[in-house]
Structures are given as structure tokens and as C-alpha cells.
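Student: 3D, please:
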Amino acid sequence: MESAKPKGNHRGKKKPQSGDQDVPEGTSGQTAGPPQGQQQKQQKSGQGGGGKYKQKQLLKQQQQQDLQQQTGEGTQILLPTTSNAPTPPSQPIEKSLAKVKLDLVRPKNYGVAGTPVKLEVNYLALNLDKLPAKAYHYDVDIQPAASRKWQRACFSRFRAEALPNRLIAYDGHKNAYTMQPMDPMDKVGVAVSLDNRERRFTVRMKLAKVVDLRSLKGGNEHNQAPAKQCLEVVFGTASDRDPRLIRFKRSCYFAPLKRIKRNHELWYGLHQSLILGSKLFLNIDVAHKAFPSGVPVLDVVGDLARRRWNDSPNVPERIDDTLAFKLHNFLKGLEVSYTGPSSVKKVFKYNSLRGPASSQLFKREDGTKMTLAAYFTQQGYRLRHPELPVMHVGSTVRNIMLPMELCQILPGQALNKKHPDECTAQIIKRAATDAPTRKRKIMELRDQISYSNCPIIKEFGIGVGKDFEVIDGRIIAPPLIEYKNRRTVLPEHGQWSGDNEGFITSNQRELRWIILNLDSYNTRQSDVDSFGNNVFNESRKKGMQLEPFSMQNNYYEPRNTRMNMKQLETELENSLGYFKKQQLDFVIVVIGDHYSRLKQKAELVVGVLTSCVKGNTVKNTRSPLTVVNNILLKINGKTNGTNHVVQSPDPKIPLIKKRIMFVGADVTHPSPEQSTIPSVVGVVASFDRNGFRYKPHFQLQDPKEEMIHGLEAIMQTMLNNYKNKNNQQLPEMILYYRDGVSDGQFSQVLDIELNAINRAVAAMNPPSKINVTFVVVQKRHHTRFFPGPKCPKEVRNQNVPPGTIVDRYITTPKHFQFFLTSHIAVQGVAKPSKYTVLHDDEQWDPDRLQAITYALCHMYARCNRSVSYPAPTYYAHWAAARGKVYIQGRTLNMAELDRENSLLRIRPEIIEERSMFFI
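Tutor: Residues are numbered from 1 along each chain as shown. Alright, predicted model coming up:
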């Protein structure tokens, strides 16, 4: 039997040792595989996503040429090559796009509308007066491949032994930077001890690039990305001095604050990133992340086995495929600590689940086979849960298997995985603070990191400011909200009351409807009766025509909502089919846990318009009419009505002067560990003069692919739809709001998506001149504004008020950019959206574009509030989300996504007749 502790570089090839038998290894032919769902995922792993790294070879050649020019040497200096397993190049491909000249829109001037105010922003100014002209970028190659934790420990040992007098900024993976060039050196062998284990590595550093740091002082902006990347790594070293900190991406985390649900704990830390505005800033912010708790694996099993949250977390005797799938997803990527009968602790990485210990076999040294349960009995330990699966751990080429009851999750592991939904909700709740509290926490973290005392930051001659930057902002006026009979309402604090106002338009014939109760176990008929009557009564106030409600005619409850899933789906399809035969216009569904199955049946199979509410919403007694009015906002939009429109607060300056088609586009991606789930594209385009009604499109594409493929055909469909709805007139301009694109993808998104839009316009018949304005909307940033001494502030969280604009100093001066806080944060500090205009045929005046963008934040059909970014962008997100709903529970062929798209056809009576069905 092999030892579980590999030594040296002979991984998986060590001869059997007789004295180390705590960890048995199984025979490859006798092991039970993972649950069926896991096998399917493993078989499909790696499919799809073709073409994402097509520029890698060109990038490497360009790096080689640059290096030769910078070093002035005629001899070729080879960059590290990749093995069969893809290894990221030293300079990320996304940042290499900075070499492509991006001719961004330059504003003629800054905006001037609104009330000037002073704000604070969570940026620290950087003094670069002593920054040297250049730095040296080295590619770090550590073999054999290991986790980031081992790589950091290895490089630390290497630096101490081979370069004791050098200050080196290391990113924990492939990149290192120095102030002075180093002499060429061969591979260096180092021994590293970690987690009661010793491993040997070889480290090689090769010069990859000489980085021009002068660009950060106002030089060529197209050459700033390598210099910025260098300083990002330099600032990352500030947290390396504190062993308590766990680094993850651009954040560092301290010990956990509190235990939260699903065996996770909330860690608190500091995010930092460099921002290129009118000069270089350091953006610092509070960061929160859920880490898996350092608990016994059996605790996780018991927690996942609970059917309800108030059940006791008891460990079952056996686990079914569903529980095994959940457990595998929880453990994937984690390291576990194993303590055997001899009390020796060892750490392994989890791979998969195998068969029960009572039947899982391994081969002994004498060639005989034994179950794991029998082996541990022989070692003097009788397993308490022999029918539970064992875990395959360690090297994937070996068969090291451990019983769960002897393993514990190693604490402090930061994974690039999606948090469980319950954890996300708790993080948001516990991390939310008012603006002054957040500022205080940021400053406390800044003091703990102590940038001014970091030797490497000092080595690079960088001075770090102590206080938040004070900047100029403006508060612009909200639009007027217009209702029926030209009645207008002025929003206050990002919201307005429209409960007593009639919709602009609604269906003029009496709509037939019914309430379908799929949650009768928790929702009583008396609650539904009260709710249904409120819906009818409030609809009259808004000018809607609905059939009167009665429990006898407008209520339907399946015979048994506690049936199994297959029976429920059959019953659901039959019920929806019956409603369609009755020619019902819409169905309000009181729903439990079956949202995705309902939407799949209603919109892909039957063709019935539905609007879902939760049982708790129906039972709401504190503000029942507010709830009902919000539901009517959705129903009127879904049934082709127009709830409200926006008007300029200044009647002399109309918001919309031309026929504009507002377009929103977004791509939602699976979480990093979900390699067999596609990305989903959502595109919406308005087709009325007021920008209220939209037609959606969704499609599947390769995982992690951000660029929208096939956009030309999508835009042709949208333009023809606009033409058909507007007396054969095409729009005069397209205002395209694109969500989810990072700064490094600007060139790529313009090259692919702007060209696709222009080709779609050119294909229109008859030919028409349509101006295109391309705006990227970004929410994934850590910029936060805090009211200055005389700036108005919201009472609840002391945030800056809605309408706060910042378009200078912290934005790049040569680009058309602005930050807009357009909403009231229900909890916590409001996050502004960042807008960058990449292309502008219309030559928008900054004030007008900012005003219409802010106005579109008031056009969201689902509530009487301004939202955090424009309605078309929100709707694009909902369109993509609906695509995710349609594929939930389906097995997809990732190699044939075009075929999968063709199978996900929305019924024409939905997509053609009720285009706003997705809101």
C-alpha cells in the first residue's frame, strides 16, 4: 500500500512504504465513480469557449520584439513556453489589448448642469515624483505546478535563500518586478514546509519586459497598462507583511467576523486597486467575503441534508445523488485536514466522491483487496458512518481515499466560487453600513495595512496620501414623471408616488385572468381572496380593465401541490393548457420553489402569460396595497401597457428630440467553477417613441465569452421590429448601453459589437442614416462617494442624493466618462454607475447625455423608483436571466450551442404578442 505523503518530485510514483498506513489507496478498477450528475459534468469539462485565447501567440511574439528593443540586444531572449496545460502569460491577454490604439470619444467640455457640490471619494492620491523611469518585469516559473499558497511560500523561501538582499514585488503566481535588473540565473531548488508537509520546487526567473513607468506621469496613455500592472503588484505586497491576512484577487482579508449560514463565515478586509484619472489614485474600500468554515466534513453533510432551515443538522446513514451533488459542489477546490488513528495530521485537496467505505476497495501490499471500513477496523478504529461515500483526495493520478468522519475543512480558504444564495443575502445585510461608518472602517483598514511603512512601496519611491480626495460634483434635477391625462409627478429622494395615478395606456378591453396557487401548503384561500380583490380594485384606479375577481371563477389550485416533481410538471402543463383554452390573458401564480419550471412550461411549451408572487407577498398585511400596486406595474407592462413616461424638468429642453431606439445588452456568466454551463446573452431594444416598451432577445454562447456573437442579426431583428411598430420609420439614432465590459475589453467590444451594429444598419431597406452612440455601463468597481460638508445627504444612510454626477478629475480627461448615482440605497452606501462613451455619432453634449441617462433610470417598469442604471440595461439583465431560467435542470450539449438555442424557442403568442413578458 502506498504512502499518502509524497516526497520530493516523485509524485504518484513512490514505492510502497510499510510504516505509513493511515491513508489507504484504492484500486482503480474497483472504485465507485462520483454521482451521475458529476460524471456528466466531468465528461463535458473543457468543451465550448473556443477562440477566447486566439491572440496568445501574437501577444508572445510582440512581447519578444518589445523585449529585444528595450534591452538593445540582438540575441533572442526566449519567453517561457506553455506546456500542454495552458499557463497564463506574464502579461494578461486582456491587458495586452492596451497596445491596440483605442480612439475613444473626447468630450468637447464637461457638464455644467445642476447644483455644484463638494464630495469625498475613497481614493488616495499617489505622489510619483520619485518614481523611477523604469522597472523590470520577470516571468516566474515554479515547478511542479502548485496552488497559490504553495507558490507564495516557495517564492518567499527562494527569495530568502537566493536573493536575500533584493526587494521583489511578487503577485503570487507568474509575475515579479524589481527596481534594478538581475543577473541571469539558472533554476534554483528550494524545499518548502507547509501544513505538516515538505515539498521541493525549482524556481526560475526570466526577464520578460522592461516597463516604462514614465507613462504614469502623463506620458503616452496607450502604454500605461504595463506600468499600472507593475504598481498593482507593488501595492499588493503591502499586505504580505501581516501573516494574519489572506490575499484573494485585489483584496486581503482578516480573521472571520461571524459565522453565517451554510457552514460559511464572513471575513472582513480591504480592497485596493489603482485608478487612472487625471492622475494615478489608489482606490481603497471595505471588502467582505464568505469563506468555508473550518468544520468537520460531517457537519457540512448534516447541514446540506436538512430539508428546512429549522431542522436539526443530522448526518444521514446514506446520501442520495442529490445530496452527493450538493456535497461535491461544496467541497470542490477545498483542502481538507485528515487525522488518522495514529493522530498524524495531513492536508489534501479534495477531488471527488467515491463509493461507501463499507464497499470501497483498495489493494494492499500483498495484492489482496480490502474495504476501507475493514482497513480502519484493523487499525483499531471502527467507522461510525461506513455507508457514507469516501473522498478521493490528493493527486488525481493516485487513489488516496479518506472517510469523511476523519476529515475537517481547512480554515481560511478563499475560493473563486459563487457563494450560496443564503450567504450572499447575509453578507449584504451584515456588510451594509451608513456612509460615515464605511468611511471610518476604510480608514482603519488603511492604517492597519500601513502603506507608508511597506519597504517595496518605498523602494519604488511612491508616496501615499492619508485622506480621501475631495472632488467636484453636481446634483442634476430628476425628470418629471408623466401619467394619464398629462398629470405629472416630481420624484423626491429617488422615488415618487404613483398609486393614485392612471397608467398612460393600458389594454382597453376587459382582461381575463386567474390566480393559480402553487403554494397552498403555506398560503390560505382567505389570503388569496383578499389579495385578488385588492388587485381588481386597484387596477380600476389605474385605468386597467380586468374581470371582477371571485374565488369561484378566478382561483385555481392543483389537486395536490405536494406531489413529486414529474407529477407536478405534468399537472402544471395540464393546468396551463386549460387556461390557454379558456383564452385567459394572464395568470397570477402564487409560487413556492418552482419558478423555473413554471416559466419553462408557460413560455416555451404552452404559451401563457404569467406573473409570479410569493406566498409571503400575498399574505403581506403591513402594506397590502403597495404590494398590489407594484404587481400591477408588472402586469400592465406585460400586457402591452405603458405605465408612465418621463419629461424634461425644463420644458424648453426636451429630453428626446429624435426617434431613438434604446438598446441594452448584457452577458451573464456561470460562476468560475461551472465550466459546463453556458454564458447567456440578453439584448433588448425599445420600439416606442417614449422608450418604455422593449423587445427582448436571449441566446446561449460559450462559457466566459463576453463578446456578443451574432449581434448583427439580433440588431436587424430589432430595427425591423421598430420599423413595423412605427409606420415603417426607422430610428434616427441608436443609444446602446452595454453592461459587463471591463476597461481592457473596450477595443474588442468596439471591434466586434459596434461593427455588428453598423452592418445591421447598412442592411436596412431602404438605406437609412442612423447615428450610433455606444456607452459602456460598469457596476463592478469600488468607487464610493461621501457627502462633503455642505452637500445634501440622504437621511437613512447619509449617502449622496440621487442625481449626483462626477465627470472630471477622477475620470480620464481624454475620455467621455462620468459617474452617476441615480438611486437611493435601501441599505449601505450607494454605488454609482460608471459610464464610458466609446463611440458617438450623435456628438452628445455631456449635459444632455447625462440627463437622458438619468431619465432612463426612472423608466424601469417594475417600481416607482429610480434605479441604479438605465432601464434598457436592467432589462438586458432580466432577458439574460430568463435564458438562465430556461436552461435550469436541462442537460446541454456544450459542443452544439447553436442547436441548443434553436430548441429554446419562446412561443410566438408570448414573444410576439406580449414582448414585455420578462419584466
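
Student: Relative to Gly380, how far out is the residue lying farthest from the centre of the chain?
Tutor: Within the chain, Asp366 marks the point farthest from the mean C-alpha position, 52.1 Å out by CA atoms, centre = their mean. As for Asp366, its distance to Gly380 is 20 Å (criterion: CB to CB, to the nearest Å). From N, CA and C alone the C-beta is placed, and that goes for glycine too.

Student: domains for the protein, by residue range?
Tutor: What automatic domain parsing lists as the domains of the chain is 295-410, 506-638, 645-911.

Student: Nearest to Met179, out of these?
Tutor: domain 645-911 (26.0 Å; CB to CB).

Student: So what would you say the end-to-end distance of the closest one is?
Tutor: Start-to-end span of domain 645-911 (CA to CA, to the nearest Å) is 23 Å.

Student: repeat for stretch 398-411
Tutor: Taking CA to CA, stretch 398-411 runs 25 Å from one end to the other.

Student: Where do the helices of the stretch 451-600 of the chain begin and end?
Tutor: If DSSP state H, counting those that start in this stretch is used as the criterion, the helices of the stretch 451-600 of the chain fall at 455-459, 525-541, 565-581, 595-599.

Student: Mind giving me the packing neighbours of the last one?
Tutor: Yep, that's helix 595-599 we're talking about. helix 565-581, strand 610-614, helix 871-887 (3 or more CB pairs under 8 Å, 6 or more residues apart in numbering; DSSP states H and E).

Student: I'd like the next helix or strand past the last one.
Tutor: Next along the chain after helix 871-887, taking DSSP states H and E as the criterion, comes helix 897-903.

Student: Outside of stretch 571-578 itself, list whatever touches it.
Tutor: For stretch 571-578, contacts defined as CB atoms under 8 Å, 6 or more residues apart in numbering pick out 516, 518, 556, 558-560, 563, 587, 594, 597-598, 601-602, 605-606, 608.

Student: before we move on, the earlier item: would you tell me which of the helices and strands packed on helix 595-599 gets closest to Phe201?
Tutor: If you check each of the helices and strands packed on helix 595-599 against Phe201 by CB to CB, helix 871-887 wins as the nearest, at 41.5 Å.

Student: quick check: mean pLDDT across that closest one?
Tutor: Per-residue pLDDT values across helix 871-887 average out to 97.

Student: before we move on, the earlier item: out of the helices of the stretch 451-600 of the chain, name the one with the poorest average pLDDT.
Tutor: Among the helices of the stretch 451-600 of the chain, helix 565-581 has the lowest mean pLDDT, at a mean of 89.

Student: can I get the helices and strands packed on helix 595-599 in a markdown table with mean neighbour count?
Tutor: Formatted as a markdown table, the helices and strands packed on helix 595-599 follow (neighbours: other CB atoms under 10 Å):
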| stretch | mean neighbour count |
| --- | --- |
| helix 565-581 | 16 |
| strand 610-614 | 19 |
| helix 871-887 | 23 |
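
Student: The lengthiest strand in the chain pairs with which strands, and in what direction?
Tutor: Using DSSP state E to define each element, the chain has its longest strand at strand 197-212. The pairing partners recorded for strand 197-212 under DSSP bridges are strand 134-143 (antiparallel), strand 188-194 (antiparallel).

Student: Of the ones you listed, which is nearest Gln508?
Tutor: Ranking the strands paired with strand 197-212 by their distance to Gln508 (criterion: CB to CB) puts strand 134-143 first, at 68.0 Å.

Student: Can you give the contact residues for the closest one?
Tutor: Identification of contacts with strand 134-143 by CB under 8 Å, 6+ apart yields 79-80, 90-91, 151, 154-155, 170, 173-182, 201-214, 226-227, 230, 460.

Student: chain center to the longest strand of the chain, what's the gap?
Tutor: 32 Å (CA atoms, centre = their mean, to the nearest Å).

Student: quick one: buried residues of it?
Tutor: Neighbour counts using 16 or more other CB atoms under 10 Å place 199, 201-212 of strand 197-212 among the buried residues.

Student: can you pull out the helices in the stretch 801-919 of the chain?
Tutor: With helices called from DSSP H, counting those that start in this stretch, the stretch 801-919 of the chain shows them at 846-856, 871-887, 897-903, 908-911.

Student: just for this protein, where's the confidence low?
Tutor: 1-104, 219-222, 257, 307-313, 559-563 (pLDDT under 70).

Student: The helices of the stretch 451-600 of the chain into CSV, with extra columns for distance to Cys252?
Tutor: What follows is these, written out as CSV (distance: least, CB to CB, whole Å):
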stretch, distance to Cys252
helix 455-459, 15
helix 525-541, 49
helix 565-581, 44
helix 595-599, 38
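
Student: Kindly state which of these is positioned closest to Pro436.
Tutor: Closest to Pro436 of the helices of the stretch 451-600 of the chain, according to CB to CB: helix 455-459, at 28.4 Å.

Student: residues of that closest one that come out buried?
Tutor: Under the neighbour-count criterion of 16+ other CB under 10 Å, helix 455-459 has 456-457, 459 buried.

Student: out of these, who's nearest Leu633?
Tutor: Closest to Leu633, out of all of those and judged by CB to CB, is Ile457, at 52.1 Å.

Student: Could you list which residues are in contact with the closest one?
Tutor: So Ile457 contacts 234-235, 237-238, 451, 464 (CB under 8 Å, 6+ apart).

Student: among those residues, who's most crowded?
Tutor: In terms of neighbours by other CB atoms under 10 Å, the contacts of Ile457 top out with Phe235 at 24 neighbours.

Student: related to what we said a few turns ago, just name the closest of the buried residues of helix 455-459 to Gly664, please.
Tutor: If you rank the buried residues of helix 455-459 by distance to Gly664 using CB to CB, Ile457 comes first, at 41.4 Å.

Student: what separates that closest one from Leu216, distance-wise?
Tutor: Separation of Ile457 from Leu216 (CB to CB) stands at 14 Å.

Student: Let me see the ranges of the strands in the stretch 701-850 of the chain.
Tutor: Assigned by DSSP state E, counting those that start in this stretch, the stretch 701-850 of the chain shows strands spanning 733-739, 771-778, 785-787, 804-806, 816-821, 833-840.

Student: Quick one: closest of these to His328.
Tutor: Of the strands of the stretch 701-850 of the chain, the one closest to His328 (CB to CB) turns out to be strand 733-739, at 32.2 Å.

Student: That closest one packs against which elements?
Tutor: Here strand 733-739 touches strand 660-668, helix 755-762, strand 771-778, helix 871-887, going by 3+ CB pairs under 8 Å, 6+ apart.

Student: and of those, who's closest to Val680?
Tutor: Nearest of the helices and strands packed on strand 733-739 (CB to CB): helix 871-887, 3.9 Å.

Student: follow-up on the earlier one: including mean neighbour count and distance to Gly710, could the strands of the stretch 701-850 of the chain go into CSV?
Tutor: Putting those into CSV (neighbours: other CB atoms under 10 Å; distance: least, CB to CB, whole Å) gives the following:
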stretch, mean neighbour count, distance to Gly710
strand 733-739, 25, 15
strand 771-778, 22, 18
strand 785-787, 23, 38
strand 804-806, 26, 35
strand 816-821, 24, 28
strand 833-840, 22, 20
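
Student: could those go into JSON lines alongside distance to Tyr854?
Tutor: JSON lines is the format used below for the strands of the stretch 701-850 of the chain (distance: least, CB to CB, whole Å):
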{"stretch": "strand 733-739", "distance to Tyr854": "13"}
{"stretch": "strand 771-778", "distance to Tyr854": "13"}
{"stretch": "strand 785-787", "distance to Tyr854": "15"}
{"stretch": "strand 804-806", "distance to Tyr854": "8"}
{"stretch": "strand 816-821", "distance to Tyr854": "6"}
{"stretch": "strand 833-840", "distance to Tyr854": "10"}
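
Student: Pro243: which element?
Tutor: Using DSSP H and E, Pro243 is not contained in any helix or strand.
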